[in-house]
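Peer 1: pasting the sequence and the predicted coordinates here, then a few questions.
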Amino acid sequence: MSDNRKHQAYLEEALREAAKAPDEVPVGAVIVQNGRIIARAHNQREGADADPFGHAEIIAMRQAAGKLGRRRLSDCTLYVTLEPCPMCAGAMLLAELGGCFFSAFDPVMGCCGSVYDLSQDPAFPRHVPTAGGLLAAEAEAQLRAFFDAKRKAPAENKTPEQENGTDGFTR
């Protein structure tokens, strides 16, 4: 199997993960070590926990670190359906992640090349190789369908961001 096909297969897993929580912005992530998925997660910001840090990438990195019993994930690769935000890109640096592949670019909060490239900032001693755009159309369609449904929801079910149309692709 070619490298491109492997990356695509892992991002397909991330897309499946993103679809697991219908009330969340559909972002899914998997972490791969030595060709095996060792962690998987989807956004978990809403609901009873109301966790502002419940991004798929953060949850997946916590799972991987717990499974491996160490904080450094330099031999692991993150696959995620949406370009990481500043928090997640910073966490990738702190975890010393081996790499990150993402599907859709985020023109509002993306920090792996769109708005900013925290993963390659020369101010930091570590960098995380990133590449985006693989299966972008599929991830964008998933995000668009979610936000279209939210916009059509009755006003009492909308957040202030949805009311004023500033939800974009942000989480």
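Peer 2: Thanks, I have it. Numbering: from 1, shown residues only.
Peer 1: surely residue 61 is in contact with residue 97?
Peer 2: Yes. Applying C-beta atoms under 8 Å, one finds residue 61 in contact with residue 97, separated by 7.3 Å. C-betas here are computed from N, CA, C, even on glycine.
Peer 1: what sits in contact with each of the two?
Peer 2: Residues touching both residue 61 and residue 97 (C-beta atoms under 8 Å, 6 or more residues apart in numbering): 73, 78.
Peer 1: what about the helices in this structure?
Peer 2: 3-18, 56-68, 86-94, 136-152, 160-164 (DSSP state H).
Peer 1: please name whichever of those helices is nearest to residue 27.
Peer 2: For residue 27, the closest of the helices of the chain is helix 56-68, at 4.6 Å, according to C-beta to C-beta.
Peer 1: name the residues of that closest one that are buried.
Peer 2: Neighbour counts over helix 56-68 (16 or more other C-beta atoms under 10 Å) mark 56-65, 68 as buried.
Peer 1: then stretch 116-126?
Peer 2: Going by 16+ other C-beta under 10 Å, stretch 116-126 has these buried residues: 118-119.
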